[in-house]
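Undergrad: attaching a predicted model along with its sequence, questions to come.
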Amino acid sequence: MGIKQLDVIFVTGDAYVDHPSFAAALLGRLLQSKGFTVGIIAQPRWDCDDDFSKLGKPRLCCMVSSGNVDSMVTHYTANLKRRSTDKYSPGGKAGLRPDRALIAYCSRARHVFKNVPIIVGGIEASLRKFGHYDVWSNMVRRSVLLDCKADLLVYGMGELQTVEIADRLKNGESISSLCDIPGTLFSAPIKQKDSLGSQVKYLPSFESVSDRDRISNTPTEESLHDYALAFQMEMENENPFSPTRLAQISGDRIVLRNPPARPLSTEEFDSLYELPFNRLAHPCYESQGGVPGLKEVQFSITSNRGCFGGCSFCAITSHQGRIIQTRSIDSMVKEARSMTAHPDFKGYIHDVGGPTANFQAPACEKQLKSGPCPDRQCMFPKPCPNVRDSHQRYIDILFAISAVPGVKKVFIRSGIRFDYLMLVASDSTRERFMHDLVRNHVSGQLKVAPEHISDNVLSMMGKCPVAVYDSFKNKYEQTNEEEGKKQYLIPYLIAAHPGSTLQDAIELALYLKKQGFVPDQVQEFYPTPSTVSTCMYFTSLDPRPGKKLARVFVPKGRERTLQRALLQFDKPQNRTLVQEALQKAGRTDLIRTLLANRGSNRFH
């Protein structure tokens with residue numbers, strides 16, 4: 001291409017896939033459209049300089065990400081066992097990225113690209129902005145910005161920040177002057193505290209949230225309280241329209257977080273997905289079997305970002321925000337038309353949606369002017385009266401894309417919030433949506449996420465009561481019957497979530513027995529960084545605004561194993577665990593109920 005020196009180099013922990021679902025491709029194409037030259041170093045060896053030096057030294061900066069998924073989550077299960085595959089690597093091969101990839105990559109980049117600004121971003125950076133509980137080491141780690149020794153951290157989706165950083169560096173500004181960009185985090189010497197301005201709110205220090213008893217080497221009660229308080233303050237200050245900056249003292253440094261980046265306009269969102277992606281993995285991976293992660297998204301359309309659902313175990317609100325951002329229908333139709341010309345397209349669009357498929361507009365008008373409420377959720381414990389219904393827009397989107405010549409079928413995989421449908425949509429809209437969904441957009445199975453059925457646990461999860469799920473389930477089955485379809489509802493379930501007792505797990509097992517359904521897969525609660533549930537898991541306190549840091553029961557150790565076994569009570573290998581759980585809970589009267597004729601009513 002005649003490029004003598006690249007402006008920006010991206011280092012990513014994923015294999016290179018030219019698809020907008022992969023951040024290196026999205027940000028690389030975006031910068032390229034703005035006139036910058038960009039190189040990608042995908043899954044480099046981190047124990048030597050060779051891969052990092054192949055593209056030369058970038059003129060402006062090096063941007064580093066661990067990839068689409070946190071590197072520790074990529075490598076370890078909820079039980080901290082090593083995974084054998086990595087769907088974002090060629091052939092699904094594991095081990096092509098390091099643990100704590102940001103730290104390893106930044107160390108090598110700093111060594112190779114001397115005097116070049118190093119900027120970190122992506123999900124691994126977004127969720128480790130301040131002191132955070134790390135389940136893999138069972139300790140509180142400091143901000144990953146400090147561990148990486150990076151110059152700047154980009155949190156959130158990153159498009160606005162990336163372009164502004166590149167523009168200002170190109171215009172001759174130093175990296176140390178880029179301390180005012182929304183959606184970024186930087187550090188400063190503690191002696192500069194008085195010069196940081198009056199709109200800085202200080203979290204409890206890293207030392208106070210990580211303090212441990214010197215004799216028992218366990219967290220002190222004071223440190224657990226301060227950790228939960230710091231997390232609560234973060235939750236209350238996630239507003240892109242507020243000038244408040246958050247800071248945390250860590251040793252002799254201050255880590256300072258600017259407010260989140262503003263939401264993208266529809267025009268900006270459209271332009272991103274209209275960049276010239278070829279929707280293929282790099283040809284160098286063909287002999288290795290391609291990149292499995294592409295298959296799930298290759299012919300899917302992103303319609304929205306953000307989520308106002310507020311599930312405790314989810315980090316989407318911390319990464320994408322609570323304000324829904326949407327694309328225009330015209331842009332999505334244009335993308336569908338381009339898919340029909342793709343050599344691998346078979347006529348099926350596998351998904352149209354985002355974190356939540358049927359959230360197709362901001363929750364309310366207020367969010368667009370003053371941001372989300374700091375002290376209340378949109379959907380929990382019940383929908384706010386101001387929440388608007390956007391199901392008709394989703395129906396219109398699906399209809400328009402389905403009408404594109406060459407498109408045989410449009411499916412929904414990204415998940416329907418059934419509580420939003422049942423509690424917010426009008427009766428007529430709900431009826432129309434359910435019939436369109438069942439008739440046209442389900443491929444034999446519809447996956448939804450009740451997560452549990454105990455109202456006690458659901459309350460800890462920030463989810464609606466089980467009665468709402470039951471009403472949706474009945475409506476789905478009724479609609480299938482009316483449409484002459486036989487399609488199944490597959491619920492996602494989480495075992496051993498904070499707040500869940502053995503009695504709650506037994507209640508769920510009995511519910512599944514009554515329904516004649518036992519899930520083939522169950523997700524055991526995984527305490528990943530920066531979720532409400534992880535804060536509960538570590539501190540045994542509820543950090544949600546208005547909850548006054550109330551105590552929470554947290555199942556750990558053997559009890560986690562027993563609760564998971566109860567969710568799959570009919571598996572022969574779980575028989576002794578189920579008996580142990582029932583004996584421990586004083587419910588031996590249920591042994592025959594749960595274990596008799598095991599396997600006879602399994603869903604296949």
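TA: Happy to help now that I have it.
Undergrad: next one: whichever strand or helix holds Leu493 to chain centre, how far?
TA: Applying DSSP states H and E as the criterion places Leu493 in strand 488-495. Chain-centre distance of strand 488-495: 18 Å, with Cα atoms, centre = their mean, to the nearest Å.
Undergrad: go on, stretch 377-389?
TA: Centroid separation for stretch 377-389 versus its chain: 21 Å, with Cα atoms, centre = their mean.
Undergrad: for the strand holding Leu493, enumerate the helices and strands it packs against.
TA: With contacts taken as 3 or more Cβ pairs under 8 Å, 6 or more residues apart in numbering; DSSP states H and E, strand 488-495 sits against strand 445-451, helix 466-483, strand 523-524, helix 558-567. In this view, the C-beta of every residue, glycine as well, is placed from N, C-alpha and C.
Undergrad: buried deepest among these, which one?
TA: Each of the helices and strands packed on strand 488-495 was scored by mean neighbour count; the highest is helix 558-567, a mean of 22, by mean count of other Cβ atoms under 10 Å.
Undergrad: got the contact list for the most centrally placed residue in the chain?
TA: Residue closest to the mean C-alpha point of the chain, counted by Cα atoms, centre = their mean, is Ile316 at 4.2 Å. Ile316 makes contact with 306-307, 355 under the criterion Cβ atoms under 8 Å, 6 or more residues apart in numbering.
Undergrad: let's see 10 Å
TA: Taking Cβ atoms under 10 Å, 6 or more residues apart in numbering, we find Ile316 in contact with 123, 305-307, 309-310, 322, 354-356, 531.
Undergrad: on that earlier part again, what is the helix or strand just after the strand holding Leu493 packed up against?
TA: The first helix or strand that comes after strand 488-495 along the chain, using DSSP H and E, is helix 502-515. Where contact means 3 or more Cβ pairs under 10 Å, 6 or more residues apart in numbering; DSSP states H and E, helix 502-515 is packed against strand 445-451, helix 455-461, helix 466-483, strand 488-495, helix 558-567, helix 575-584, helix 591-595.
Undergrad: and the residue nearest to Leu590 when sequence neighbours are not counted, how far from Leu493?
TA: Counting by Cβ to Cβ, 6 or more residues apart in numbering, Leu582 is the residue found nearest to Leu590 once chain neighbours are left out, at 5.5 Å. Distance, Leu582 to Leu493, using Cβ to Cβ, to the nearest Å: 19 Å.
Undergrad: shaky segments in the chain?
TA: In the predicted model of the chain, residues 597-604 satisfy pLDDT under 70.
Undergrad: please parse it into its domains.
TA: Following automatic domain parsing, the chain resolves into domains at 8-257, 478-604.
Undergrad: now do the end-to-end distance for the longest one.
TA: Using Cα to Cα, to the nearest Å, the end-to-end distance of domain 8-257 comes to 24 Å.
Undergrad: ok, Ile329 touching Ser402?
TA: No. Applying Cβ atoms under 10 Å, one finds Ile329 not in contact with Ser402, separated by 12.0 Å.
Undergrad: can you list the domains of the chain in TSV and add distance to Pro381?
TA: Output for the domains of the chain, formatted as TSV (distance: least, Cβ to Cβ, whole Å):
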stretch	distance to Pro381
domain 8-257	16
domain 478-604	10
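Undergrad: ends of stretch 84-94, how far apart?
TA: The straight-line separation of the ends of stretch 84-94 (Cα to Cα) is 6 Å.
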